[in-house]
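# Would you be able to build a 3D model of this:
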Amino acid sequence: MSVLVPVAAALGTAVDGWERAVFAPRLPTTWQGEAADAARVQLGHLVDRGGGLLDRARRLTAVLADVAAREPFDDARLADALARAGRGEPVAVGPAADGPAPAVVAHWWAGLSEQERESLVVGRPELVGGLDGLPASARDRANRARLATTRDATEAELAELTRAREAVRGAGELQDVETRLAAVRARLGRILAVDAAAADRTLLALDPTSGRAAIGIGDVDGARHVGVFVPGFTARAEDLPARTAELAALTGPGVAAVAWYDYAAPQWPEVLDPSRSVLGARAATAASTRLTSFLDGVGARGAHVTAIGHSYGSLVVAQAAATSHTVDDVVLLGSPGVTPLPRQPTWVGEARFDPVADTGWFGPDPNGLPGIHPIATTGAVGHGEYLRAGETSARNVAAVIAGRAQDVTADRTIGVGDRLRGLLPR
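You can find the predicted model right below:
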């Protein structure tokens with residue numbers, strides 16, 4: 001028996017216990033007042049975040065179970081895939097944070113029969129949907145099944161809680177039900193936003209509880225050029241429909257794009273939390289390992305990959321690009337500074353009156369560094385208009401994604417922060 005079998009079983013047992021610990025606690029119905037209200041709101045946040053971690057643990061459990069199983073997907077098959085990947089790529093690929101390296105996964109998948117692949121897509125959607133290195137088409141089918149199941153379950157939970165609200169007696173119990181209703185409504189809103197954004201597109205990653213997702217626009221499997229966009233501060237699943245519409249304007253024949261919202265972007269209520277604050281790099285570092293794996297999965301078949309980071313997302317991109325084996329170009333938009341500066345060709349856009357772009361909070365302002373390629377952002381004003389359809393900035397980003405460097409118009413915007421630094425003694 002594979003040594004991984006008891007490991008997978010133990011992890012599965014731990015996940016079951018963790019689920020009870022996350023979802024079982026209830027605050028006393030007799031506790032009233034502002035402190036009780038605040039505690040119930042925080043408990044709702046913790047349940048949402050705990051649910052997201054549980055989903056990742058279930059993915060890992062599924063990976064271990066499939067690698068450990070003797071029939072038909074045994075350890076020898078994955079070991080053989082690793083050996084073949086090593087022969088094809090002299091430079092070893094490091095393991096991803098949430099599973100096997102994408103290059104290994106791609107070789108493993110290529111060695112399966114159509115029947116085996118179909119069995120996994122249908123029977124193990126939590127595995128297929130979250131495994132970098134698999135074809136976008138397979139991940140899309142698996143994640144759509146998971147999304148539909150989660151939507152149905154959440155709608156049923158909402159209906160049950162709505163009925164329960166009508167039967168409650170005391171004010172404390174009513175407050176508890178209302179808090180749970182608010183959390184379920186918020187979760188359903190995220191699910192519906194992902195569903196709307198994924199219409200006629202490709203659902204490449206999904207965390208049903210938190211709403212984190214990655215959505216492909218265009219033929220991600222067949223495109224010669226793929227741009228992966230990473231948002232910044234306050235990014236939420238609810239933004240996905242508008243964002244995917246923006247990215248659609250950057251695609252064309254042989255060019256696809258991905259809205260990578262598969263990380264917990266810092267939010268306003270977390271500003272004072274050292275582990276989550278937009279003022280620190282911890283959230284970016286945690287996200288960068290996930291992004292590196294995703295980028296290497298997209299580039300596993302040889303596509304030209306461009307990583308695009310906006311605002312805080314530029315820090316995530318810079319850290320991921322430092323260890324990625326497949327990123328060819330990097331675009332930083334409205335960046336508050338990055339460390340390290342990517343080793344790949346780096347294109348920087350700074351709009352007029354963007355208060356974030358000149359802060360240099362996380363490192364030198366990349367707009368002023370030698371060796372970078374400044375791109376014109378004519379028509380974009382402030383921090384949020386870099387990808388507005390039809391504007392110079394969006395056209396330049398589209399040219400970088402498509403590998404048309406000769407079509408990029410260069411212009412280094414001199415912002416207020418740049419002028420102030422010029423006045424200071426060195």
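# Only C-alpha atoms from now on, for both contacts and neighbour counts.
Fine.
# For the stretch 101-250 of the chain, just list every one of the helices.
Ranges of helices in the stretch 101-250 of the chain, per DSSP state H, counting those that start in this stretch, are 102-110, 114-123, 125-128, 136-167, 171-197, 240-248.
# low pLDDT regions in the protein?
1-5, 7-8, 19, 22-24, 26, 44-45, 47-100, 414-426 (pLDDT under 70).
# Quick check: the gap between the most centrally placed residue in it and Val220.
For the chain, the residue nearest the mean C-alpha position is Asp262 (1.7 Å; CA atoms, centre = their mean). Distance, Asp262 to Val220, by CA to CA, to the nearest Å: 17 Å.
# Need phi/psi at the closest residue to His383 other than its chain neighbours.
Nearest residue to His383 in three dimensions, chain neighbours excluded: Asp354, at 4.9 Å (CA to CA, 6 or more residues apart in numbering). Torsion angles at Asp354 (phi, psi; degrees, to the nearest 10) stand at phi -90, psi 110.
# Look up how far Val184 lies from Asp354.
36 Å.
# show me what contacts the closest residue to Thr413 other than its chain neighbours?
The shortest distance from Thr413 to any residue other than its chain neighbours is 5.9 Å, reached at Glu350 (CA to CA, 6+ apart). Contact analysis of Glu350 by CA atoms under 8 Å, 6 or more residues apart in numbering lists Leu333, Gly334, Ser335, Ala357, Asn367, Ile375, Ala376, Thr377, Arg412, Thr413.
# Kindly recompute the last result at 10 Å.
332-335, 356-358, 366-367, 374-378, 380-383, 386, 393, 411-415 (CA atoms under 10 Å, 6 or more residues apart in numbering).
# Make a ChimeraX selection of the buried ones in those.
The ChimeraX command for the buried members of the contacts of Glu350 (criterion: 16 or more other CA atoms under 10 Å) is given here:
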select :332,333,334,335,356,357,358,366,367,374,375,376,377,378,380,383,386,393,412,413,415
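# and the contacts of Glu350, which of them are in helices?
Residues of the contacts of Glu350 located in helices (DSSP state H): Ser393.
# Restricted to strands, list the contacts of Glu350.
Leu332, Leu333, Pro374, Ile375 (DSSP state E).
# got the contact list for the closest residue to the last one other than its chain neighbours?
By that I understand Ile375. Nearest non-adjacent residue to Ile375, counting by CA to CA, 6+ apart: Ala410, 4.4 Å away. Taking CA under 10 Å, 6+ apart as the criterion, Ala410 is in contact with Trp347, Val348, Gly349, His373, Pro374, Ile375, Ala376, Thr377, Asn396.
# One more pass at 6 Å, please.
Pro374, Ile375, Ala376 (CA atoms under 6 Å, 6 or more residues apart in numbering).
# I'd like the distance between it and Ala322.
Distance from Ala410 to Ala322, by CA to CA: 25 Å.
# try Thr13
36 Å.
# When those two are compared, which one has more neighbours?
Taking neighbours as other CA atoms under 10 Å, Thr13 and Ala322 compare with Ala322 leading, 17 against 13.
# What is the burial count for Phe362?
17.
# That one looks like it's in a strand, true?
No. Judged by DSSP: H, G, I helix; E, B strand; the rest coil, Phe362 forms no part of a strand; its state is coil.
# quick check: domain ranges of this structure?
4-187, 212-421 (automatic domain parsing).
# so how many other residues sit close to His310?
Neighbours of His310 (other CA under 10 Å): 26.
# Surely it is in contact with Leu333?
Yes. Counting by CA atoms under 6 Å, His310 does reach Leu333; the two are 4.7 Å apart.
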